[in-house]
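Visitor: here is a sequence with its predicted model. Questions after.
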Amino acid sequence: MLVALALHGAQAATYDVRIEGAKGDGKSLDSPIINRTIEKCAMQGGGIVTLPAGTYLCGSIRMKSNVELNLQAGAIIVATSQRDDYDPSEPFNAPEYQDGGHTYFHNSLIWGEDLENIAITGRGTIDGLGLTRNDTETAGNVQGGSIGMADKAIALKRCRNLLIRDITISRGGHFAIIITGCDYAHIDNVVIDTNRDGIDIDCCRYSTISNCKVNTPHDDAIVLKSSYALNEVHPCESIMITNCLVTGYKLGTTLNGKYIPEVVNWVCGRIKLGTESNGGYRNITINNCTCIHSSGIALEEVDQGVMENITISNIAMQHVHHYPIYITTGCRNRGPKDREAVSTARNILISNIVADDCDSLSGIQITGMPNAPISNVTLRDIIINSRGGAKIVGDPNNYPELGSKYPEIAKFLGICPTSCLFIRHAKDIHIENVRFSFDNPDERQSAAFIDTANVYIANVDYGQ
């Protein structure tokens, strides 16, 4: 990575925040001194700002170009609960089609905007103790608006050449890491155990997430989005997610080694594209990942973007909530009302998947929209074991359409009337070498193909 070469060269200067006056005692507010040290480092051409072992109580920390913030082993940044210690939200002089967490960045624990060559590294920890996990000032899910209080551990916007490596994040708030409109980002070997989303990559290009362990018992683990936060349609494209582990254990129990499964709510764990999807997704690769006590793989394009050229392979799932694979388009259309585009999904390959102990809400679903079918999808070499035991729940032809609803089966569509495959409004679908099995007899019909064309099926075992 360019950032690594820039910040770890022989000439890189190092600035120790303890020498600069930080206490590291967990009581004194250290963020003002850390910010002065970052400013000093940047003004002298860049380098490494080091936090030695200690506990640093902090409000907003402002990243600068050509600076690496290095948390040494034993260093802990603890987010203060005092609102005045955080920077105020920046102006957003446009309609807010996305949640406040996607709109405002300055009211975060660590933030940066319009920067290049930055890094946050080290074997230390970021503890978002004082961060809020709410979407708005009061609990709820209201579109737009600043939370006022800090709600993100790391928030970076319109940055280039950035590296986040080796750190641990606990209780990251609404987003443990969110990067928006960034190019050449690399998030590697990060451990996250948090109370909402783990890693959100929004409107970014040419970036990778690798070797990360993300525990999110109450929301999504690794998410790609393409919101309207840049006040324009901007795709999320050329992204690779590889060698990652996502889980849905109770908060804190991955860090303390107890690994207690969380009671299933609307979602936990999960690797997802969506739901914010104005700009769509293009050239996305997800491979060699493991999902445990997690919802399955979800590809959701519902805001008039195009989701295309998606490759997912070599995924192991165990204790799967709600569904193993879900591909959908919809017409939520959360964006400017004068747009005429229709949500589209095409050219998707999913292969070499093993999913064990799936619950019975749904098998594999591929659901487009009337007159806008999902096209050219291949499912190959997949093994799915389900708990089974479901009763007949109705005619598949009467299963609700997604339409403008939020694209979540458990909340808005209910139990699927088929146990294995439900495919609707789709064409050019290739399904080969797929095997289903059930721990208990399932009374639903195995598959339904509604408003479909050119569906090729070979060597599919429905397990009934």
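Guide: That came through, no problem. Numbers count the residues shown, from 1 in each chain.

Visitor: quick one: contacts for the nearest residue to Pro370 once chain neighbours are set aside?
Guide: Nearest-residue entry for Pro370: His425, 5.9 Å, with adjacent residues in sequence omitted and distances by Cβ to Cβ, 6 or more residues apart in numbering. The way it works is simple: take the backbone N, C-alpha and C, and place the C-beta from them, glycine included. Going by Cβ atoms under 8 Å, 6 or more residues apart in numbering, His425 touches Thr367, Gly368, Met369, Pro370, Ala372, Pro373, Ile374, Ile450, Asp451, Thr452.

Visitor: which of those residues count as buried?
Guide: For the contacts of His425, burial is judged from neighbour counts taken by 16 or more other Cβ atoms under 10 Å, and it is met by Thr367, Gly368, Met369, Pro373, Ile374, Asp451, Thr452.

Visitor: just to revisit the earlier point, from the contacts of His425, which ones fall inside strands?
Guide: Residues of the contacts of His425 located in strands (DSSP state E): Thr367, Ile374, Ile450, Asp451, Thr452.

Visitor: so the first one sits right up against Ile374, yeah?
Guide: Yes - the pair formed by Thr367 and Ile374 meets the contact definition of Cβ atoms under 8 Å, at 7.4 Å.

Visitor: show me where the stretch 51-200 of the chain dips below the pLDDT cut-off.
Guide: Along the stretch 51-200 of the chain, the parts satisfying pLDDT under 70 run over 135-148.

Visitor: can you give me the helices for it?
Guide: 100-103 (DSSP state H, counting those that start in this stretch).

Visitor: give the contact list for Asp439.
Guide: Asn385, Ser386, Arg387, Gly388, Gly389.

Visitor: let's go with 6 Å and repeat that
Guide: Listed by Cβ atoms under 6 Å, 6 or more residues apart in numbering, the contact set of Asp439 reads Arg387, Gly388.

Visitor: go on, the one 3 residues further on?
Guide: Counting by Cβ under 6 Å, 6+ apart, Asp442 makes contact with Gly388, Ala390, Ser419.

Visitor: hang on, isn't the last one packed against Pro441?
Guide: The reference is to Ser419. No - contact between Ser419 and Pro441 fails when scored by Cβ atoms under 6 Å: they sit 9.9 Å apart.

Visitor: more neighbours: which of these two?
Guide: Ser419 (25 against 10; other Cβ atoms under 10 Å).

Visitor: so how far is Asp359 from the more buried one?
Guide: 12 Å (Cβ to Cβ, to the nearest Å).

Visitor: which helix in this structure has the most residues?
Guide: helix 31-43 (DSSP state H).

Visitor: other SSEs contacting that helix?
Guide: Contact partners of helix 31-43 among helices and strands, from 3 or more Cβ pairs under 6 Å, 6 or more residues apart in numbering; DSSP states H and E: strand 47-51, strand 61-62, strand 67-71.

Visitor: buried set for it?
Guide: Applying 16+ other Cβ under 10 Å to helix 31-43 flags Ser31, Pro32, Ile33, Ile34, Asn35, Thr37, Ile38, Lys40, Cys41, Ala42 as buried.

Visitor: now, which of those sits nearest Glu432?
Guide: Ile38 (53.9 Å; Cβ to Cβ).

Visitor: I figured the closest one hits Lys64, correct?
Guide: Yes - counting by Cβ under 6 Å, Ile38 touches Lys64, with 5.3 Å between them.

Visitor: now the common contact residues for these two.
Guide: What both Ile38 and Lys64 touch, as defined by Cβ under 6 Å, 6+ apart, is an empty set.

Visitor: so how far is Ile450 from Tyr399?
Guide: Distance of Tyr399 to Ile450, given as Cβ to Cβ: 8 Å.

Visitor: which residues touch the closest residue to Glu20 other than its chain neighbours?
Guide: Of all residues not flanking Glu20 in the chain, Thr37 sits nearest, at 4.6 Å (Cβ to Cβ, 6+ apart). Neighbour list for Thr37: Tyr15, Val17, Glu20, Val49 [criterion: Cβ under 6 Å, 6+ apart].

Visitor: which residues are in contact with Met63?
Guide: Met63 neighbours (Cβ under 6 Å, 6+ apart): Gly112, Ile118.

Visitor: i'd like the first residue to be 436 from this point on
Guide: That works, and once the first residue is 436, the last one we named lands at Met498.

Visitor: if we can go back for a sec, hang on, the residue nearest to Pro805 in a strand?
Guide: Yes - applying DSSP: H, G, I helix; E, B strand; the rest coil, one finds His860 inside a strand.

Visitor: give me the local confidence score for it.
Guide: pLDDT, His860: 98.

Visitor: the residue nearest to the spatial centre of the chain: what's it in contact with?
Guide: Geometric centre of the chain, nearest residue: Val658, 2.0 Å, by Cα atoms, centre = their mean. Contacts of Val658 were listed using Cβ under 6 Å, 6+ apart, and they are Asp635, Lys707.

Visitor: could you redo the last one with a cut-off of 7 Å?
Guide: Asp632, Asp635, Lys707 (Cβ atoms under 7 Å, 6 or more residues apart in numbering).

Visitor: what's the burial count for the closest residue to Phe527 other than its chain neighbours?
Guide: Closest residue to Phe527 apart from its sequence neighbours, by Cβ to Cβ, 6+ apart: Thr538 at 5.2 Å. Applying other Cβ under 10 Å, we find 23 residues neighbouring Thr538.

Visitor: okay, Tyr841 and Gln517: tell me how far apart.
Guide: From Tyr841 to Gln517 the distance is 34 Å (Cβ to Cβ).

Visitor: for the two, indicate the residue with more neighbours.
Guide: A direct count of neighbours by other Cβ under 10 Å for Tyr841 and Gln517 places Tyr841 higher, at 16 against 13.

Visitor: tell me the secondary structure for that one?
Guide: Per three-state DSSP, Tyr841 ends up coil.

Visitor: same deal with Gly898?
Guide: coil.

Visitor: okay but it is in contact with Ser872, surely?
Guide: Yes - judged on Cβ atoms under 7 Å, Gly898 makes contact with Ser872 at a distance of 4.3 Å.

Visitor: which strand residues sit across from Glu548 in the sheet?
Guide: Lys592 (DSSP bridges).

Visitor: mind listing what it touches?
Guide: Phe540, Lys592, Arg593 are the contacts of Glu548 under Cβ under 7 Å, 6+ apart.

Visitor: burial measure for the second one, as a count.
Guide: Here the number of neighbours of Lys592 (other Cβ under 10 Å) works out to 23.

Visitor: quick one: residues contacting it.
Guide: For Lys592, the contacting residues are Phe540, Glu548, Thr615, Gly616, by Cβ under 7 Å, 6+ apart.

Visitor: turn those into JSON lines, columns for distance to Leu690.
Guide: Listed next are the contacts of Lys592 as JSON lines, based on distance: Cβ to Cβ, whole Å:
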{"residue": "Phe540", "distance to Leu690": "26"}
{"residue": "Glu548", "distance to Leu690": "30"}
{"residue": "Thr615", "distance to Leu690": "27"}
{"residue": "Gly616", "distance to Leu690": "31"}
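
Visitor: which one of the residues you listed is nearest Gln533?
Guide: Among the contacts of Lys592, and counting by Cβ to Cβ, the member closest to Gln533 is Thr615, at 9.7 Å.

Visitor: tell me what that closest one is bridged to.
Guide: Legend: beta-bridge partners of Thr615 under DSSP bridges are Lys592, Asp637.
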